[in-house]
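1. Need coordinates for the following:
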Amino acid sequence: MATEIRREQAEARLRAVGLKVTAPRLAVLDAVTGHGHLDADAVHTRVMAELPATSLQSVYNVLGALAEAGLLRKIDPAGSAARYESRTGDNHHHLVCTGCGAVADVDCVVGEAPCLTPSNTGGFAVATAEVTFWGRCAECQAASG
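-> You can find the predicted model right below:
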């Protein structure tokens, strides 16, 4: 029952942004939703459980389409693969561990978009600020003593 409801919601979300409902799109949405910050390889592994013939390139294509449509958010931590998350529509930021690469969400520092105001906008109308905090997660700190 819950799976059926989630599927109906995913189908409705795809239609709402003008995307055709396809098995790969549904599988990718399901793979990412509620599972943190996944790279394309991790998404592909999850999708393969449902759709074994799905190529990694197909997963990349679907991730791109879903991110462009605003159903997923793509983040690009420096020095690592792009990650995708289902938390969209807010102005949250990320913590990235320099040890293991773990990524965690952090809510907006100020609470309003944008969190930061540049000293000079150069004529831009700023809509969001993207901040990445770097450090070591609790597990990496404990492992290093």
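2. in this structure, which spans are helices?
-> 2-16, 23-32, 40-50, 56-68, 138-143 (DSSP state H).
3. right, and these - which one's nearest Cys97?
-> helix 138-143 (5.7 Å; Cβ to Cβ). In short, each C-beta sits where N, CA and C put it, glycine included.
4. Now do the closest one: which elements does it pack against?
-> Applying 3 or more Cβ pairs under 8 Å, 6 or more residues apart in numbering; DSSP states H and E, one finds that helix 138-143 makes contact with no other helix or strand.
5. contacting residues for the closest residue to Gly101 other than its chain neighbours?
-> Computed as Cβ to Cβ, 6 or more residues apart in numbering, the closest residue to Gly101 that is not its neighbour in sequence is Ser80, at 5.4 Å. Listed by Cβ atoms under 8 Å, 6 or more residues apart in numbering, the contact partners of Ser80 are 39, 96, 101.
6. Closest one to Leu72 out of these, please.
-> Out of the contacts of Ser80, the member with the shortest distance to Leu72 (by Cβ to Cβ) is Asp39, at 12.5 Å.
7. okay, now the closest residue to that closest one other than its chain neighbours: neighbour count?
-> Nearest residue to Asp39, sequence neighbours excluded (Cβ to Cβ, 6+ apart): Ala81, at 4.1 Å. By other Cβ atoms under 10 Å, the residues close to Ala81 number 12.
8. Got the phi and psi for Ala81?
-> As for Ala81, its main-chain torsions (degrees, to the nearest 10) stand at phi -70, psi 150.
9. Please determine how far it is located from Asp41.
-> 7 Å (Cβ to Cβ, to the nearest Å).
10. do Thr3 as well
-> Distance, Thr3 to Asp41, using Cβ to Cβ: 25 Å.
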